[in-house]
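# For reference, the sequence and a predicted model appear below.
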Amino acid sequence: MSPNPKLNLEEFLPDFNKDLIFKQINGVVDIYRDSWGIPHIKAKDEFDLFFAQGFATAQDRLWHMDFDRHRALGKSSELLGYEMFDNDQLVLKIDVLKASKLDYECSSDLAKKMLNSYTNGVNAFIESTNNFPVEYSLLNEKPKSWNPWDCISVYKIRNMFMGTYEMKLLKTKVFKELGEDLFKKIWGEISEFELLTIPPNTRLNKRVLRDINSLSESVNLLNYLKESDIGSNAWVISGDRTKSGLPLIAGDSHRALDTPSVYYQVHLECEKFAVSGYSIPGLPGAPHFSHTEYLAYGMTHGNADYQDLFLEKFRENGKNLEYFYKNRWLKADLEIKSINVKNGKKEFVEVVKTNHGSVISGNPRSGYGLIFSHTGTNSGTKWVDTVYQILHAKNSDQLIESLEEWTEPVNNFVFADIRGKIGYKLRGKIPVRNSDNHKGIVSGWDGNHDWKNFIPYYEMPSSVNPNVGYIVTCNQRVVGPDFPYYIGDDFRPAYRASRIITRILELPEAEATVENMSQIHSDRLSIPASILFKKLLEMDLFSKSQNDLEKLIKQWDFVMSPDSKVATLYSMIRKTLIEESLNMIFGNLIDKIDSSEFSRAYDFIEASIYSQLINQINGGSKFINYSDLEKLLKISVNKNLGNFEKKFHEDNLESYKWGKVHKTNPKHPLSTMFPEYASFLNPPNVSMGGDSDTPQQGGYLENFEVNSVSVNRYIHDVSDWKKSRWIVPLGASGHPGSPHFSDQSKLWSNLETIPQLWDWDEIKSSAESHQSLTPS
C-alpha cells in the first residue's frame, strides 16, 4: 500500500498473468518473469518477439520511455512546466525528431520491421489497458501512441550529450577568460588555435561570450542528474587464463543513478536468435552489454571527439535568413516549432540550420550563431542496422561486420565467442577534419574546418586474440601518437584499468572463474590514494602527540571501503588539494570558470589536475614547482586533519566512515514537483564504497553524495551461459508500487549479483508470472 492514503500504488501495476489476443502477431509468445521481475520472452517468429519485447517493456517502463521521449522531442515542459523550457528549446533546435526520422528512413527493411514490431507491441499495451503508471495519474495525463522513430529518439537523448561539445564550450571559455598559458596547463600546446578568431582577426567579443555562458546553463539543464564521471569498465579474458578454457567477459557502465534504472534486463529467444542482456527502454534488442547463444559483448564510452561547434555568420535578406560560406551567401533552413507548456502558454522556437548543423545559441538575425555539429544529428545513418544484425551474429567476424554502421556514441567494444576468440573494436563514426576543431569553437564561414570524411571503419583501432590473453578498457587513452588519425584528447586516468589488469595478472594461471570477475568488480583500492598518503607520511607532518593518529593512518590499506574512516579523510584531503591547486594555478581567474555551468567538462579539469599532481608525486613529469607542491600538500592536510584528530581522541570516528557520507540519493523526476509523494517515488539511499578512481565506481558531488555509479554489472561465462551473472542498482520495474522497483539495490550496494537465467526449464519452473500473447 502507498504511504499516502489517497494512493494505492498496487492499483497502478499491470497484470502480468492475463493472457491476451493480438492481431499483430503470427504465433504464440510467452512472457515469463523471474523472481526479480525480469522478463524472459520466447516466440517462434523474431518479429513476434520484438512485438512482445515492446509490450513487456511498456508494462514495466512505460513512464520511463515516455518521459525520455518527451525530453528527446523537446516536449518535457508539456509535462513539467517552465522549469524544463530552456532544456526543450535546446533540444528542439538540435531537432532530435528529424534526425530520428532520417535514421529510420536510412535503416534496412529488416531493421525497420524490428522497430515497427516493437512499436506495435508498445501500442498494444497502451490500447489494452486503462491502468497506466502512477506518474500519469499525478500529472493528469495519458500516454500517446508510440512511433517507430521514437525508439531512436529515446536512445539519442540518453547518449548524444555524452560527446565533446560541452568540453569545447569550456575550452573556449578557458582560453578567453584565462589565456593561452593557462589553457596549455590543462590541455597542452595550441597550434594555429583559431577557435576564437572572427574576421577581420578580432577576438571573440563579449556578446558571443555571454551567449556561450547562456548556452552552458542550458547544457547543464540537460545534465539534470548531475552525472560527471561518465564511463565504464569492460574486460575480456581468454580461455588460456580461465578454468573452463573458454573466455570470460565482464564490466559495468558508469552513469548517474536515475529513477528508474537506465538499463532494463531482458532475455529474448526465437528460432533465429537468443539474447540476454541490457536494453534501453524504448529501443528493441540488447545492443551493448549482452550475450547471445554464440558470443558475448560489453563496451565502454570511447571518449572520442565526434562533435564540433562552429561559429557562423548570418544576415537577413528579405524574407530569407542567409549564412556566409566560402565567399557566398546561402539560404539557411528555417522552421518554427511550438511547445504547449504545462500551466503556461504556447511557446515558439525558431530552428535554424546550415550545412554544418543546427544553431543552438546566439541570434542569427543579429549576425551570428553557434552551430552544433554532431554525427548523430547532421544526417541520417544506418546505426539501427547494428542493433538488428548483432543479434544474428554467429561468431566474432560477423559481430565485427555488424558494428560497421554504428554511429554514436563512439564505444570501446569488447567481445568473445564460443570458439574462444576474444577481441576489441573501437566502433562509431569519427570525423576527419582540421586539428583546430579539436580545441574549441571554430569558424564555419571559410570551409577550413569542414568534415572531410570519417575514419574508415576497418582502420579504427582493433585487437583480436592479443598475446597477453586479456583486453581491458576503462575510458583510458585508446592508441598512442603513432596512430594516423585523431581520436580525442579527453580520456580518463588509467587508475581503474591498472587495477583491473593487476587483479587479472594476480589470478592463478588458467584458473579464472566467474567469482574472480565479481571480485574484480568489487575492487576498491585507490592507486592515487596510495601514492598521496605514502608521500604525506614521508613528509613528517605528525607531532609526537599524534603518534596514535599517525599509526591509524599508516594502517590504512588504501581501500575505499564503506567502513573505512581514513578513506573519508583521504577524500577530504583530495578535494582540498584539487581546490587549492586550482586556486594556485589560476588565482582569482578561476572564479570566471563556474563549475556548475560545465559539470561534466569541469570534472575533467579536476581529474586532469589531480592526476598530474599524483604523477609528479610519484616521480613523473613536473606539473608545478616542487616547493608549491609541498605547500599544497601541507595546506590540504592541515585543513582536514584537525576535526578528524578531535573525533579520533573522542573515540567518535563513526561519522567518518566512508559509507556514512558516501551514499546514493536516487531522485524520481516528479519527486520535486510532488514532494508529498517523494517518499514512494524516490528509492532508498544506500551506502557505497569506491570512488571515481577505483574499479567499483563511486564518483561524487561536493558533499560526497554519489552521482556516478555502476548502472549495471555483468559477467558472461562463454563456457556455460547459465553461470552468467548480472545486477542493476534499483530493479527491473519502473513502478514505485512494484516489489521489483528497487529490490536489487541492497545486493548491488554489497557488490553482489543475481543469476542471469538462461535455461528455459529453470525459468518456467521458478517463474513469478506467466503471460501468453496469442494471435487472433
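That came through fine. Residues are numbered from 1 along each chain as shown.
# Quick one: name whatever helix or strand follows the worst-scoring helix or strand of the chain on mean pLDDT.
None of the helices or strands of the chain scores lower by mean pLDDT, DSSP states H and E than helix 206-222, at a mean of 52. On the C-terminal side of helix 206-222, the nearest following helix or strand under DSSP states H and E is strand 231-237.
# Surely residue 51 and residue 23 touch.
No - at 11.0 Å, residue 51 and residue 23 do not qualify as touching, with contact defined as Cβ atoms under 8 Å. All C-beta spots, glycine's among them, are computed from the backbone N, C-alpha and C.
# These two: who's more crowded?
The neighbour comparison of residue 51 against residue 23 (other Cβ atoms under 10 Å) goes to residue 51, with 30 against 8.
# can you confirm that one is in a helix?
Yes - the assignment for residue 51 is a helix, going by DSSP: H, G, I helix; E, B strand; the rest coil.
# Burial check on the nearest residue to it once chain neighbours are set aside, number of neighbours?
Once flanking residues are discounted, residue 51 sits nearest to residue 121: 4.0 Å by Cβ to Cβ, 6 or more residues apart in numbering. Neighbourhood size, residue 121 [other Cβ under 10 Å]: 30.
# Ok, residue 19 next?
Burial of residue 19, expressed as a neighbour count using other Cβ under 10 Å, amounts to 12.
# ok, and the closest non-adjacent residue to it?
Counting by Cβ to Cβ, 6+ apart, the residue nearest residue 19 is residue 772, at 4.4 Å.
# again with residue 115
Excluding the flanking residues, the one nearest residue 115 by Cβ to Cβ, 6+ apart is residue 148, at 4.1 Å.
# how near is the one you found to residue 615?
For residue 148, the distance to residue 615 (Cβ to Cβ, to the nearest Å) stands at 49 Å.
# What does the pLDDT read for the residue nearest the centre of the chain?
With distances taken as Cα atoms, centre = their mean, residue 255 lies nearest the centre of the chain, 4.4 Å away. Per-residue pLDDT puts residue 255 at 92.
# what about the residue nearest to residue 19, how many neighbours?
Neighbours around residue 772, by other Cβ under 10 Å: 13.
# Confirm it sits in a strand?
Yes - Residue 772: assigned to a strand according to three-state DSSP.
# That one: what's it in contact with?
Under the criterion of Cβ atoms under 8 Å, 6 or more residues apart in numbering, the contact list for residue 772 reads 19, 20, 28, 29, 30, 31.
# how far out from the middle of the chain is stretch 314-327?
Its chain's average C-alpha position is 38 Å from that of stretch 314-327, according to Cα atoms, centre = their mean, to the nearest Å.
# Now do the end-to-end distance for it.
End-to-end distance for stretch 314-327: 13 Å, by Cα to Cα, to the nearest Å.
# now stretch 410-421
End-to-end distance for stretch 410-421, by Cα to Cα: 23 Å.
# Quick one: mean pLDDT for it?
Here the average pLDDT along stretch 410-421 is 97.
# check contacts around residue 412.
Residue 412 touches 234, 299, 300, 301, 302, 424, 426, 473, 475, 478, counting by Cβ under 8 Å, 6+ apart.
# Which residues lie in contact with the third one in this structure?
If a contact means Cβ under 8 Å, 6+ apart, then residue 300 has 231, 232, 233, 234, 251, 253, 411, 412, 473, 474, 475 as its contacts.
# can you do 6 Å?
232, 234, 412, 473, 475 (Cβ atoms under 6 Å, 6 or more residues apart in numbering).
# and which of these is nearest residue 340?
The shortest approach to residue 340 among the contacts of residue 300 belongs to residue 232, at 37.9 Å (Cβ to Cβ).
# does that closest one really touch residue 263, like I thought?
No - look at residue 232 against residue 263 with Cβ atoms under 6 Å: they stay out of range, at 11.7 Å.
# hmm, back to that, bridging residues for the residue nearest to the centre of the chain?
residue 709 (DSSP bridges).
# Quick check: it touching residue 712?
No - counting by Cβ under 6 Å, residue 255 stays clear of residue 712, with 9.3 Å between them.
# and for these two, which residues touch both?
By Cβ under 6 Å, 6+ apart, no residue touches both residue 255 and residue 712.
# Low-confidence bits of the chain, can you list those?
Low-confidence segments of the chain (pLDDT under 70): 1-6, 187-230, 589, 592-599.
# let's see it at 50
1-3, 5, 189-207, 221, 223-225 (pLDDT under 50).
# Name the residues of stretch 272-281 that are buried.
For stretch 272-281, the neighbour count (16 or more other Cβ atoms under 10 Å) marks 273, 274, 275, 276, 277, 278, 279, 280, 281 as buried.
# same thing with stretch 360-380?
For stretch 360-380, using 16+ other Cβ under 10 Å, the buried residues are 360-362, 364, 368-378, 380.
# With stretch 580-589 instead?
Under the neighbour-count criterion of 16+ other Cβ under 10 Å, stretch 580-589 has 580, 581, 582, 584, 585, 586 buried.
# So which residues make contact with stretch 32-47?
Residues contacting stretch 32-47 (Cβ under 6 Å, 6+ apart): 16, 26-27, 29-31, 49, 52, 56, 113, 117, 265-272, 732-733, 740, 754, 757, 763, 767-770.
# next one: that stretch to chain centre, how far?
Using Cα atoms, centre = their mean, the offset of stretch 32-47 from its chain centre is 26 Å.
# how long is it from one end to the other?
18 Å.
# Report the buried residues of that stretch.
So stretch 32-47, judged by 16+ other Cβ under 10 Å, has buried residues 32-34, 36-43, 45-47.
# Then stretch 7-26?
Under the neighbour-count criterion of 16+ other Cβ under 10 Å, stretch 7-26 has 7, 9, 12, 13, 14, 16, 22, 24, 25 buried.
# distance of the second one from residue 746?
In this view, residue 9 and residue 746 are 20 Å apart by Cβ to Cβ.
# do the same with residue 530
Residue 530 is 30 Å from residue 746, by Cβ to Cβ.
# repeat for residue 42
With Cβ to Cβ as the criterion, residue 42 and residue 746 are 30 Å apart.
# Next: residue 462.
From residue 462 to residue 746 the distance is 40 Å (Cβ to Cβ).
# Excluding chain neighbours, what is closest to residue 739?
Leaving out its chain neighbours, the residue that sits closest to residue 739 by Cβ to Cβ, 6+ apart is residue 37, at 7.3 Å.
# for residue 171, same thing?
Closest residue in space to residue 171, ignoring its immediate chain neighbours: residue 440 at 4.1 Å, by Cβ to Cβ, 6+ apart.
# ok, that neighbour - how many residues close by?
26.
# That one is in contact with residue 173, isn't it?
No - under the criterion of Cβ under 6 Å, residue 440 makes no contact with residue 173, lying 8.8 Å away.
# what about the strands in the stretch 551-700 of the chain?
Ranges of strands in the stretch 551-700 of the chain, per DSSP state E, counting those that start in this stretch, are 698-700.
# any idea how far residue 424 is from the nearest residue to residue 265 once chain neighbours are set aside?
The shortest distance from residue 265 to any non-neighbouring residue, by Cβ to Cβ, 6+ apart, is to residue 38 (4.6 Å). From residue 38 across to residue 424, the span is 29 Å (Cβ to Cβ).
# Ok, residue 290 next?
From residue 290 to residue 424 the distance is 17 Å (Cβ to Cβ).
# Give me the more crowded residue out of these two.
Neighbours per residue (other Cβ under 10 Å) separate residue 290 from residue 424, with residue 290 holding more: 27 against 20.
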